[in-house]
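> I need the structure of the sequence given here:
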Amino acid sequence: MSVSMRDLDPAFQGAGQKAYPSPWNLLLKSYYFSGIEVWRIENFSPTPVPKSSIGKFFTGDSYIVLKVTTLFFYPYCHFTQGLAKVFYYFYGQTTALKTGALRHDIHYWLGKDTSQDEAGTAAVKTVELDAALGGRAVQYREVQGHETEKFLSYFKPCIIPQEGGVASGFKHVEAEEHITRLFVCRGKHVVHVKEVAFARSSLTHDDIYILDTKSKIFQFNGSNSSIQERAKALEVVQYIKDTYHDGTCEVATVEDGRLMADADSGEFWGFFGGFAPLPRKTANDEDKTYTSDVKKLFCVEKGQANPVEGDSLKREMLDTSKCYILDCGLEVFVWMGRTTSLDDRKVASGAAEEMIRSSERPKSQMIRIIEGFETVPFRSKFDTWDQVTNTTVSEDGRGRVAALLQRQGVNVRGLMKAAPPKEEIQAFIDCTGNLQVWRVNGQQKILLQAADHSKFYSGDCYVFQYSYPGEEKEEVLIGTWFGKQSVEEERASAVSMASKMVESMKFVPAQARIYEGKEPVQFFVIMQSFIVFKGGIGSGYKKYIAEKEVDDDTYNENGLALFRIQGSGPENMQAIQVEPVASSLNSSYCYILHNDTSVFTWTGNLATSTDQELVERQLDLIKPNLQTRAQKEGSESDQFWELLGGKTEYSSQKLTKEPESDPHLFSCTFTKEILKVTEIYNFTQDDLMAEDIFIVDCHSEIFVWVGQEVVPKNKLQALTIGEKFIEKDSLLEKLSPEAPIYVIMEGGEPSFFTRFFTSWDSSKSAMHGNSFQRKLRIVKNGGTPVAEKPKRRTPASYGGRASVPDKSQQRSRSMSFSPDRVRVRGRSPAFNALAATFESQNARNLSTPPPVVRKLYPRSVTPDSSKLAPKSSAIASRSALFEQQLKTPPQEPSIPKSLKASPKTPESPAPGSNSNGKEEKKENGKEEEKSMSSRIQSLTIQEDAKEGVEDEEDLPAYPYERLKTTAADPISEIDVTRREAYLSSEEFKEKFGMTKEGFYKLPKWKQNKFKMAVQLF
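Just a heads-up that it's a prediction; the model follows:
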């Protein structure tokens, strides 16, 4: 159904299509963009409400509110192909695809004193607006005092309707004298605010009240109200203080039952003529409850709602050419078929209005839905519902984005036809931390050597602990990894071990539960070069195959094995062992096949150059020092196919991960193994209460956030709550039972969690006390968090160590290759000569350098001393070469100062002290080796940092004004992914506050953050 421009009310022209802020502001300030447009019904026509008046409602009026949302995800942005490609990754909530479609929600709000004619006009005009927007919006009927939580979430912290309206000729004039008013506040997540009579009889023990006087605002907390309700009411106090008192009046709280224990209580009761016991709350119409268990379906024909007979509700009952009413008590849905006319929809809406009015259900909410865009609450009412994704919106949504970009002055030629660019997923975790890994063996865990940290078996379970530098302090992630062939007993043991580690560290670390094949990008970045072998070496797996009498297919380095190579780069690459048969091949990947000393690499026709590079790197880990035979798809040798058992058909479709969708926040209560959840719309950090457990659901991952005030028993159930949430599947999105689950403790939120919030202030979670006490201090401090001393120390490693783990077990985060082959990057001849000494003479000469992570916070990464000892003579001889080169003036700046000091010659031991002399020699030798290893590390870091600058030395310099993304006269012949490289050294330091050398030492994600801030990204 469509509506012609002649039928469209002039006030709605351009609705939902207004210009948006700069896309770079979207990147820097918001996770998604949303806008609100409001119309007030005046003389039976909609009149736009000025932006400055949005959020102000009058009791005698009716309003139409349009909410436009365009979701935007950092992890899936591709910046290297221009601004148009950034907008290609807008999400439309109207479909399950990554499209440019906008989501529209339309609400019509009816004041308690509005006329029937105005209310009817608002209902009809809402249908017209939806038709003009393409007929996909969900429409809500909002009645003053009974608004939906979604509607109230648009106007946080609250709306306070004012008396009067257009029909009565009322014009709002600021009162010269402040009028004392009393408000009642109800709601744990969003606050319903209602003005009540200024009298003691209005107060009860169950609710929270705000008394707004000329010089002071009082919050009266009923004895039966919850901490969360009190905290939310304080947000209303702050709103009243800022709106009606210019932020200058005092704020006081009064606790029910404390009589006149303090001056504030006495002053509060003085306004009511003195203290007196509060009466018991009497039942009224607002307290009536309406059952929602009964579901009745009606078909609307010729203005009449006729019951539809049936034992249960099924999707097949709905005809696309008709309109239906589904009466669920508190919720009344109007379902409109795609082929119904505008008049049919208006008639069905009127029938639903009459149904609510005649049954005297003022609290009932009416929701109008278009076929193909049904909401989760509506679909959940049916016993069977096969959701079919409507893909027709994709091109239309893309067209809307293209039009938006054109108005921004962006060339969008080819945007409509271009294929989506390659996704660059950001991990939001620092990759320079310290890693420890344990393999679960029955009820025990075995600490792995550094060389085996990233080598897992599919039949085993693992526990890992990763400590890394966060934004403000060191953060810790403790997790479990379950192989596909692992047994349930060892999975339970792994979870128990990880939970005890978290508990022993006072619940500070984040906890993760990860299944093989569902690993998140954070896990891959931590492991860097990740290998999964078939079979297992743990007792659980061995016991299982013995009981089942099945073959043990555990990986044998001298046997036949096939590995699929995947990943996005040296810091995120995996080798997954698959069945050694031709059907395991895929044209989109590269593979490694080996049988004893025969090694083949196979490159699919759809594989990229990055895939081919990763094969070379993984060969260093799987089969180093052996000659390989390269096979290209379509020109394989007979021996290759013989090893795979003959040539067969295989796939060319790239394997896909679960897509990340728009995040949803849920508040959870878990009692007697029953989980109840409530969705919180348009959420912010302030919606997280210290007494509760919340879940952020982004489909591909589940985050369980636990407040500091949650009792320890419930903290231990956090992982179980996450599993129950997946089973419940509240959004009917078919969550995978193996989706990664994170448990995040308040105060230790990592970046890969806080990214879901438009802004994050870590000082709020650092405050002491419950949610009410914290927000009260913020309100009394002028709306800003109060700085307090940290409640706990920086966490120590598990096992009681206050420092980093034993270096013999510590994995160097600057190496993602075999530790037996120390490989470093550099350009100076002396450095290359030293590195060559440590290389195996038979080592493969890679076409690309090995991966090296530039460290944000360099740590000691001394190689195993046992491997350095035999090479001490090489170190000594090469040290002389370094010193000799240091004497040459031109090379002076490029040699680290730490290498200038000559090694001391050991003195001859005194007579009679041979044993002591030998001990001194040993000690000196050890110190010399430590000194040299630290020199190697220092040189590695300096060479890496130097490389980042040297790459830019030959580039021409351009002024900042022509390099920034919003330049009026931009430079055309540059690499747009490296705009900062074309700045002069002086201008670079002015814009970034650091030198280029310092900048390129930062991790890539932090570089991008700085570049975005100065419009160079």
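
> contacts and neighbour counts: CA atoms only from here.
OK.

> What ranges does the stretch 901-1017 of the chain have for its strands?
All residues of the stretch 901-1017 of the chain lie outside strands when identified by DSSP state E, counting those that start in this stretch.

> ok, how many other residues are close to Cys590?
Neighbourhood size, Cys590 [other Cα atoms under 10 Å]: 29.

> typo on my end, Ser312
Residue neighbour count, defined by other Cα under 10 Å, stands at 12 for Ser312.

> least trustworthy helix or strand in this structure by mean pLDDT?
strand 90-91 (a mean of 32; mean pLDDT, DSSP states H and E).

> packing partners for whichever helix or strand comes after it?
Once the chain leaves strand 90-91, the next helix or strand it forms, by DSSP states H and E, is strand 103-110. For strand 103-110, the packing partners by 3 or more Cα pairs under 8 Å, 6 or more residues apart in numbering; DSSP states H and E come out as strand 62-72, helix 116-132, strand 138-143.

> so which of the ones you listed comes closest to Glu746?
Each of those has some distance to Glu746 by Cα to Cα; the shortest is strand 62-72, at 25.6 Å.

> And the average pLDDT for the closest one is what?
If you average the pLDDT over strand 62-72, you get 83.

> Direction included, what does it pair up with?
The strands that strand 62-72 pairs with in its sheet are strand 32-42 (antiparallel), strand 90-91 (antiparallel), strand 103-110 (antiparallel) (by DSSP bridges).

> So for Arg200, which of the helices and strands packed on strand 103-110 sits nearest?
Nearest of those (Cα to Cα): strand 138-143, 27.2 Å.

> so what does the closest one touch, helix or strand wise?
Packing contacts for strand 138-143, counted by 3+ Cα pairs under 8 Å, 6+ apart, involve strand 103-110, strand 365-370.

> Let me see the mean pLDDT of the first one.
Same thing as strand 103-110. pLDDT averaged over strand 103-110 gives 93.

> among the helices and strands packed on strand 138-143, which is the most enclosed?
Mean neighbours per residue, mean count of other Cα atoms under 10 Å, is largest over the helices and strands packed on strand 138-143 for strand 103-110, with a mean of 24.

> Alpha carbons only: can I get it in CSV?
Output of strand 103-110 as CSV, limited to C-alpha atoms (Å, rounded to 0.1, in the frame of the first residue of the first chain):
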residue,chain,number,x,y,z
ARG,A,103,13.4,2.1,11.7
HIS,A,104,10.3,4.1,12.4
ASP,A,105,8.2,4.0,15.6
ILE,A,106,5.1,6.2,15.7
HIS,A,107,3.3,7.1,18.9
TYR,A,108,0.2,9.2,19.3
TRP,A,109,-0.2,10.6,22.8
LEU,A,110,-3.6,11.6,24.3
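
> what's the angle from that strand to helix 116-132?
170 degrees (axes from the mean of the first three to the mean of the last three Cα atoms, to 10 degrees).

> angle of strand 103-110 against strand 138-143?
Going by the same axes, to 10 degrees, strand 103-110 makes 20 degrees with strand 138-143.

> For Glu250, which non-adjacent residue is spatially closest?
Excluding its sequence neighbours, the residue lying closest to Glu250 (Cα to Cα, 6 or more residues apart in numbering) is Lys216, at 4.7 Å.

> number of nearby residues for Phe151?
22.

> pretty sure it belongs to a strand, no?
No: Phe151 is assigned helix when assessed by DSSP: H, G, I helix; E, B strand; the rest coil, not a strand.

> nearest spatial neighbour of it, skipping sequence neighbours?
That would be His107: by Cα to Cα, 6+ apart, it lies 7.4 Å from Phe151.

> Now do the same contact list for that neighbour.
Ile64, Val65, Leu66, Thr126, Gln139, Tyr140, Arg141, Glu142, Phe151 (Cα atoms under 8 Å, 6 or more residues apart in numbering).

> hmm, 10 Å instead?
38, 63-67, 122-123, 126, 137-142, 147-148, 150-151, 367-368 (Cα atoms under 10 Å, 6 or more residues apart in numbering).

> for Ser985, same thing?
Contacts of Ser985 by Cα under 10 Å, 6+ apart are Ala957, Met994, Thr995, Lys996.

> wait, which of those residues is closest to Arg357?
Nearest member of the contacts of Ser985 to Arg357, counting by Cα to Cα, is Met994, at 67.3 Å.

> Verify the stated contact: that closest one with Phe988.
Yes: counting by Cα atoms under 10 Å, Phe988 is a contact partner of Met994 at 7.5 Å.

> Looking at these two, which one has more neighbours?
With neighbours defined as other Cα under 10 Å, Met994 and Phe988 compare such that Phe988 has more, 19 against 13.

> And the pLDDT at the more buried one?
For Phe988, the predicted pLDDT is 88.

> those helices in the stretch 401-550 of the chain, which residues are they?
In the stretch 401-550 of the chain, helices defined by DSSP state H, counting those that start in this stretch lie at 488-504, 521-527, 539-548, listed in chain order.
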